[in-house]
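>>> A predicted structure for the sequence below; I have some questions about it.
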There are 2 protein chains.
Amino acid sequence: MSIPPSRRDRLREETVAHIQEVARRQLVEHGSAGISLRAIARELGMTAPGLYRYYPSLDELVTALIVDCYAEVTAQMERERDALPPEDLPSRLLAVSRAFRHWSVEHPAEFGLIFGAPVPGFARPPEGPVEEAGARFGQVFRDVFVQLWLHRPFTAPHPDELDPRLPAELLRIPGGSLGPGELYVFVACWVRLYGAVAMEVFGQLKWAVEEGEALFETELRQLSRMLAMADEYRPPR
Amino acid sequence: MSIPPSRRDRLREETVAHIQEVARRQLVEHGSAGISLRAIARELGMTAPGLYRYYPSLDELVTALIVDCYAEVTAQMERERDALPPEDLPSRLLAVSRAFRHWSVEHPAEFGLIFGAPVPGFARPPEGPVEEAGARFGQVFRDVFVQLWLHRPFTAPHPDELDPRLPAELLRIPGGSLGPGELYVFVACWVRLYGAVAMEVFGQLKWAVEEGEALFETELRQLSRMLAMADEYRPPR
DNA sequence: TTTACAAAGTGAACGGCGTTAGCAAAGCAT
DNA sequence: ATGCTTTGCTAACGCCGTTCACTTTGTAAA
């Protein structure tokens, strides 16, 4: 099945890695709109049309970058999670949440690319590798959440309290044995974390709080209370 | 103080309105990156350099657009608020929240422009009219929230439960007589609403919920519970 | 080892972009 | 009628993504 990579294949992979690297730096320094094939080629000592041997368009390059970023934040969250004992699920939930925020705050351009407004011209199709990378990302928080509920269930709202359209939708989430009420709590928790991080990264929080971490930690503490793990909340470090 | 507008001044204002109108349409149809001076000029029957008599750069035009959008969503929220009796504060809070979501869902491009990732090249300075428009926008939800607390206070977390850095920061918010705990609840509520709307508009919610309104209404209902107005929650329409 | 083929990269060109500079016409006030 | 300001134009510069035709280079088959 797997053919040993020829010399040319290795060279090609190296070039691809080089291109992504330079593109990533341009993303960081000039924003997603500042990624330019000509500038990348210039920095690599080649010409812009040559890049079309590696990507069919600028959009596809940006898409590859999106997949990369998803994989990066996913890996960081998994790393922080795996540094804690598998049975300490409260700590693991706090860890993946904090890892998400840390990566996002330290990579605002990348965060905007994958979690911000999809640029109409730029790609974001429901099929393909972006969706898969996004699914793998979402799995990390979800898995820890489900494990937490299995080992120490919390009290969730009764399904009657949910919008009548919600339960059917929520049950499509691959959430083990969680009921609609618990699935809503899961989504609501993630919405809160996403909201806090997005507002901080996008600079929408400065009117209220300069130090994003202070708000985020308070949110985590309140979330812990909601998940019946208030006693297990610990400040970071 | 106010000089009657001369004929030329009127013409100028009309041209400015025209430009913004066309630019807005381009924003809607092609995204913020698709706004082009040349295309605007083409549609207006003039040439691109002529536009520089009205805006010093494309960035400034986009900035003007941002201010416009802020004013628009603000006005819509105020309109929905004022359609309800001043003493019915729970209904007013629900109304401004729903108005925020409705405007955002129906104007995704505009939402991305004002609430999404700031494009590095594009403007978003802390001074100037953008900040003012943003402040006026935030005031709407905040005013209703403060009024609600004054007339029917809810129980907020004790300041000890907040991150130690938070109270000092929160007390800078012009929030009447609210204490740190109540101010945190205010910010947390807004973060939840913002998070739910941003995820819906940015398409980050589809893995969980197709119908954004269902989640949003459930959030509103849970928020109502938190604000001791659970009995006053009513589904929309 | 020669030959055929595929891959990688180039230069030229097209149309689009924001922006600047210099210039002509029109409007306004004196 | 004279000056000045405002408005808009053309031309140009340097970017950009993308396509096309071409050369060079590496690989594999004969």
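Done, it's in.
>>> only C-alpha atoms for contact and neighbour calcs from this point on.
Noted.
>>> the closest residue to chain B within chain A: which element?
Here the residue of chain A nearest chain B is A:Gly195; by Cα to the nearest Cα that distance is 3.7 Å. Assessed by DSSP states H and E, A:Gly195 sits inside helix A:180-201.
>>> got the contact list for that helix?
Identification of contacts with helix A:180-201 by Cα atoms under 8 Å, 6 or more residues apart in numbering or on different chains yields A:97, A:101, A:104-105, A:108, A:111, A:142, A:145, A:155-159, A:162, A:166-168, A:170-171, A:173, A:175, A:205-206, A:212, A:215-216, A:219, A:223, B:117, B:191-192, B:194-196, B:198-199, B:208, B:219.
>>> likewise stretch A:98-105?
By Cα under 8 Å, 6+ apart, stretch A:98-105 touches A:73, A:76-77, A:80, A:110-111, A:197, A:200-201.
>>> could you do stretch A:20-28 as well?
So stretch A:20-28 is contacted by A:32-36, A:40, A:43, A:61, A:65, A:107, A:109-110 (Cα under 8 Å, 6+ apart).
>>> just the buried positions in it, please.
For stretch A:20-28, a neighbour-count test (16 or more other Cα atoms under 10 Å in any protein chain shown) marks A:20, A:22-24, A:26-28 as buried.
>>> and what of stretch A:86-100?
For stretch A:86-100, the neighbour count (16+ other Cα under 10 Å) marks A:89-100 as buried.
>>> with stretch A:173-188 instead?
Buried residues in stretch A:173-188, counted by 16+ other Cα under 10 Å: A:173, A:175, A:178, A:180-188.
>>> quick one: mean pLDDT for stretch A:147-164?
Mean per-residue pLDDT for stretch A:147-164: 97.
>>> need the residues that contact that stretch.
Identification of contacts with stretch A:147-164 by Cα under 8 Å, 6+ apart yields A:89-90, A:167, A:180-182, A:185, A:226-228, B:214-215, B:217-218, B:221.
>>> endpoints of that stretch, how far apart?
27 Å (Cα to Cα, to the nearest Å).
>>> go through that stretch and flag the buried ones.
A:147-149, A:154, A:156, A:162-163.
>>> kindly report the same for stretch A:204-216.
In stretch A:204-216, counting by 16+ other Cα under 10 Å, buried: A:204-205, A:207-210, A:212-216.
>>> same list (the residues you listed) but as TSV, adding pLDDT.
Shown next, in TSV, are these (pLDDT from 0 to 100):
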residue	pLDDT
A:Gln204	96
A:Leu205	96
A:Trp207	92
A:Ala208	95
A:Val209	96
A:Glu210	95
A:Gly212	98
A:Glu213	98
A:Ala214	98
A:Leu215	98
A:Phe216	98
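>>> tabulate those residues (CSV), appending secondary structure.
Output for those, formatted as CSV (DSSP: H, G, I helix; E, B strand; the rest coil):
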residue, secondary structure
A:Gln204, coil
A:Leu205, coil
A:Trp207, coil
A:Ala208, coil
A:Val209, coil
A:Glu210, coil
A:Gly212, helix
A:Glu213, helix
A:Ala214, helix
A:Leu215, helix
A:Phe216, helix
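>>> what is the nearest of those to DNA strand C?
For the buried residues of stretch A:204-216, the minimum distance to DNA strand C (Cα to the nearest atom of the strand) is 24.8 Å, reached by A:Gln204.
>>> what sits closest to the closest one if chain neighbours are left out?
Using Cα to Cα, 6 or more residues apart in numbering or on different chains and skipping residues adjacent in sequence, the residue nearest A:Gln204 is B:Phe115, 7.1 Å away.
>>> pretty sure the one you found contacts A:Ala117?
No. Contact between B:Phe115 and A:Ala117 fails when scored by Cα atoms under 8 Å: they sit 9.2 Å apart.
>>> what do those two both touch?
Joint contacts of B:Phe115 and A:Ala117 (Cα under 8 Å, 6+ apart) do not exist.
>>> pLDDT weak spots in chain A?
Residue ranges of chain A with pLDDT under 70: A:1-7, A:120-126.
>>> tell me the residues of it that contact DNA strand D?
A:6-8, A:35-39, A:48-49, A:52, A:56-59 (Cα under 7 Å from any atom of the strand).
>>> before we move on, back to that, now the residue nearest to A:Gln204: how far from B:Val197?
10 Å.
>>> of these two, who's got more company?
Neighbour tally, B:Phe115 and B:Val197, criterion other Cα atoms under 10 Å in any protein chain shown: the higher count belongs to B:Val197, 26 against 22.
>>> the more buried one and A:Ala99, how far apart?
For B:Val197 relative to A:Ala99 (Cα to Cα), the value is 23 Å.
>>> who's in contact with A:Arg92?
Taking Cα under 8 Å, 6+ apart, one finds A:80-82, A:84, A:86, A:144 in contact with A:Arg92.
>>> hmm, which of these are the buried ones?
A:80-81, A:144.
>>> are stretch A:25-34 and DNA strand C in contact anywhere?
No. Shown here: stretch A:25-34 not in contact with DNA strand C (Cα under 7 Å from any atom of the strand), separated by at least 12.0 Å.
>>> only alpha carbons, please: show that stretch as CSV.
What follows is stretch A:25-34, C-alpha atoms only, in CSV (Å, rounded to 0.1, in the frame of the first residue of the first chain):
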residue,chain,number,x,y,z
ARG,A,25,4.3,34.0,9.2
GLN,A,26,2.5,36.3,6.8
LEU,A,27,-0.8,35.4,8.4
VAL,A,28,0.6,36.3,11.8
GLU,A,29,2.2,39.5,10.6
HIS,A,30,-0.3,40.9,8.2
GLY,A,31,-3.5,39.1,8.9
SER,A,32,-5.4,36.7,6.7
ALA,A,33,-5.9,39.3,4.0
GLY,A,34,-2.1,39.8,3.9
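>>> just the buried residues from the contacts of stretch A:98-105, in PyMOL please.
Buried residues among the contacts of stretch A:98-105 (16+ other Cα under 10 Å), as a PyMOL selection:
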select buried, chain A and resi 73+76+77+80+110+111+197+200+201
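>>> on that earlier part again, how distant is the helix holding A:Gly195 from the center of its chain?
13 Å (Cα atoms, centre = their mean, to the nearest Å).
>>> kindly report the same for stretch A:76-92.
Here stretch A:76-92 shows a centroid-to-chain-centroid distance of 17 Å under the convention Cα atoms, centre = their mean.
>>> and for A:Pro108, nearest residue in space, chain neighbours not counted?
A:Val201 is the one closest to A:Pro108 (Cα to Cα, 6+ apart), at 5.9 Å.
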